[in-house]
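In: Sequence first, then the predicted structure, then my questions.
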Amino acid sequence: MPEATTATGLTAGQRRERLVEVYHEAKDCQKCPLAATRTQVVFGNGNADAELMFIGEGPGAEEDRQGLPFVGRAGQLLDELLHGIGLTRDDVFVANVIKCRPPGNRDPQPAEIEACHPYLMSQVELIEPRVIATLGNFATKLITGSPAGITRVRGTPQVHEIAGRTVFVMPLLHPAAALRTPSLVATLRDDFASLAALLDQEPPRGATPAAMASEPEPDQLGLFG
Ligand code: SF4
């Protein structure tokens, strides 16, 4: 029986192949000045058919060293929070707004974000997540297109059109912020419970029904990073 196609008109296998191609394009990217100071591009990793995609800000020192997103203590907390709602990293895809580490962990510059944006949009388009969880102020403002700060909007789902798809966006505190202020860990846990409930909901209006019909396949993106 032919493999079902989804919103992109591609089969799940074709979407994964295309994502691998985008990874190969990104890994030698020289499109912004961060290419000169990074150790390696941190493309993101996880399940290419994930219903839930996390978007953080950018790689830190450890991520830059390992080539993987959300490693170190913030990554451990993310793993723990996922475990709390019955998920692992193999169930989700984790990426950042910007794929190369800004020196000294400074904020990415607008030109850098603009140069890197097509990679993120390709990831959303090809993974076809139903829910995007933004981690922290920076990713939240960029993805929602709103100046509203994370402390105001966290934990309440929004609906946005991203990369041509209608998706739920769930703004969350950044795990690193919760590590700095331990009382925020409980807030993050509560918001992860809301995230789990959101995953049980029907896709937001405007989403392509076929996107819901795609069969998740085993993670083969361990190579990303
Ligand atoms: S940050 Fe993005 S645009 Fe800039 S060099 Fe890295 S991958 Fe390319």
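Out: Structure's in. What do you need? As the structure is a prediction and not an experimental result, all values here were calculated from the model.

In: Tell me who's in contact with V124.
Out: Neighbour list for V124: 53, 132, 162-163, 165, 167 [criterion: C-beta atoms under 8 Å, 6 or more residues apart in numbering]. The C-beta positions use only the backbone N, C-alpha and C, and glycine is treated the same way.

In: Switch those residues over to a markdown table; also include secondary structure.
Out: Output for the contacts of V124, formatted as a markdown table (DSSP: H, G, I helix; E, B strand; the rest coil):
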| residue | secondary structure |
| --- | --- |
| M53 | strand |
| I132 | strand |
| I162 | strand |
| A163 | coil |
| R165 | strand |
| V167 | strand |
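
In: and these as a markdown table, adding neighbour count?
Out: Listed next are these as a markdown table, based on neighbours: other C-beta atoms under 10 Å:
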| residue | neighbour count |
| --- | --- |
| M53 | 25 |
| I132 | 26 |
| I162 | 19 |
| A163 | 19 |
| R165 | 22 |
| V167 | 24 |
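
In: so how far is the ligand from the residue lying closest to V71 once chain neighbours are set aside?
Out: The shortest distance from V71 to any non-neighbouring residue, by C-beta to C-beta, 6 or more residues apart in numbering, is to E62 (5.2 Å). Between E62 and the ligand the distance is 17 Å, computed by C-beta to the nearest ligand atom, to the nearest Å.

In: Check A12 too.
Out: A12 sits 25 Å away from the ligand, taking C-beta to the nearest ligand atom as the criterion.

In: Spell out which residues belonging to the protein are near the ligand, please.
Out: Taking C-beta under 6 Å from any ligand atom, the part of the chain that reaches the ligand is made up of 26, 29, 31-32, 34-35, 41, 98-100, 112, 115-116.

In: what about 8 Å?
Out: Counting by C-beta under 8 Å from any ligand atom, the chain comes close to the ligand at 26, 29-35, 38, 41, 58, 98-100, 108, 112, 115-116, 119.

In: Mind jotting down where the strands sit in the protein?
Out: 45-46, 52-56, 93-96, 131-135, 158-162, 165-172 (DSSP state E).

In: any chance of the ones you listed in JSON lines, with distance to A148 and mean pLDDT too?
Out: JSON lines is the format used below for the strands of the chain (distance: least, C-beta to C-beta, whole Å; pLDDT from 0 to 100):
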{"stretch": "strand 45-46", "distance to A148": "27", "mean pLDDT": "96"}
{"stretch": "strand 52-56", "distance to A148": "17", "mean pLDDT": "98"}
{"stretch": "strand 93-96", "distance to A148": "21", "mean pLDDT": "98"}
{"stretch": "strand 131-135", "distance to A148": "12", "mean pLDDT": "98"}
{"stretch": "strand 158-162", "distance to A148": "10", "mean pLDDT": "96"}
{"stretch": "strand 165-172", "distance to A148": "9", "mean pLDDT": "96"}
